[in-house]
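Trainee: predicted model and sequence below, questions to follow.
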Amino acid sequence: MLRSNEFKLLNIKFDNLSSLETLEKIKYIINNGIKSYIVTGNAYHIIVLEKDNEFKEVYKNAALVLADGTSLVLVSKILLRPLKERVTGSDLFEEICKIAWQKSKRIFILGGTNNSEKIAISKLKKKYKKIIVSAYSPPFGFESDNLETKKIINMINDFNSDILFVCTGSPKSEKWIYKNFNSLDIILACPLGAALDFFAGTKKRAPKWIQEIGFEWLYRLMQEPRRLWKRYLIGNLIFSGIVIKEIFRFFLKK
């Protein structure tokens, strides 16, 4: 599919789509059986992308590159190519599940902590009668274990999965999809970070008003300071430096 009206940062092209337009693109992919994967970018991804060539390849080959971070929307405005809105993986999770249910497509969820994958399946089956969904929470280090990866691929394919959610952390999820993409008999793969935990309720998502003012990261940091302090406090400083360089580069070309 051709991208239109893109926003570019670090030579990575983000699709400038609203949430509704994104869902229409996803429906098109599913309806036409176009084997694809999407990525949902944020400030942390930008930091990784600056130095990680493999992650750049993941992004360059994605069918859709969406801006999941408020910071990216803000930077797009500064660089005079404003993105329409933030499109979050957390919101997409249930919307894609709803599309799958409507079209009788089969869902496989890879990931989950504290039984979030089992809770999510239970919630989905209560809300969407006859939805076809299975899940597996892999062991730590699965991405480096060839036998475990082969086992997971067989599970996904044996289930005749159409849609795959990989919720095992970033950039692990994105890289696993990219590395094993050709072996997966699916239509759409979606690495969606904490979306599974938020949907299951094992982690609490920030209230809407906090999301809208751009402080969802701070809300998450307050919930998991030990795990996330480096990513958000140091990461935000690194991201700011990257953005400042991009702004100077952009306006010097003018």
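Mentor: Yep, that arrived. Numbering: from 1, shown residues only.
Trainee: helices of the stretch 151-254 of the chain, start to end?
Mentor: 172-180, 195-200, 208-212, 216-223, 225-229, 235-252 (DSSP state H, counting those that start in this stretch).
Trainee: the last one packs against which elements?
Mentor: This means helix 235-252. Here helix 235-252 touches helix 43-51, helix 70-78, going by 3 or more Cβ pairs under 8 Å, 6 or more residues apart in numbering; DSSP states H and E. All C-beta atoms are positioned from the backbone trio N, CA, C, and that covers glycine.
Trainee: out of these, nearest to residue 238?
Mentor: helix 43-51 (5.2 Å; Cβ to Cβ).
Trainee: tally of neighbours for the closest residue to residue 103 other than its chain neighbours?
Mentor: The shortest distance from residue 103 to any residue other than its chain neighbours is 6.3 Å, reached at residue 30 (Cβ to Cβ, 6 or more residues apart in numbering). Neighbourhood size, residue 30 [other Cβ atoms under 10 Å]: 20.
Trainee: surely residue 30 touches residue 98?
Mentor: No: using Cβ atoms under 8 Å, residue 30 is not in contact with residue 98, being 11.7 Å away.
Trainee: which positions in stretch 104-111 come out as buried?
Mentor: For stretch 104-111, a neighbour-count test (16 or more other Cβ atoms under 10 Å) marks 105, 106, 107, 108, 109, 110, 111 as buried.
Trainee: tell me how far it is from the chain's mean position?
Mentor: 15 Å (Cα atoms, centre = their mean, to the nearest Å).
Trainee: mind checking the pLDDT average for it?
Mentor: For stretch 104-111, mean pLDDT is 98.
Trainee: mind saving the C-alpha coords of it as PDB?
Mentor: Provided in PDB are the C-alpha atoms of stretch 104-111 (Å, rounded to 0.1, in the frame of the first residue of the first chain):
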ATOM      1  CA  SER A 104     -14.500 -14.500  11.800                       C
ATOM      2  CA  LYS A 105     -10.700 -14.300  11.800                       C
ATOM      3  CA  ARG A 106      -8.600 -16.200  14.300                       C
ATOM      4  CA  ILE A 107      -6.400 -14.400  16.800                       C
ATOM      5  CA  PHE A 108      -3.200 -15.600  18.500                       C
ATOM      6  CA  ILE A 109      -1.700 -13.700  21.400                       C
ATOM      7  CA  LEU A 110       2.000 -14.200  22.200                       C
ATOM      8  CA  GLY A 111       2.900 -12.700  25.500                       C
END
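Trainee: brilliant, that's me finished.
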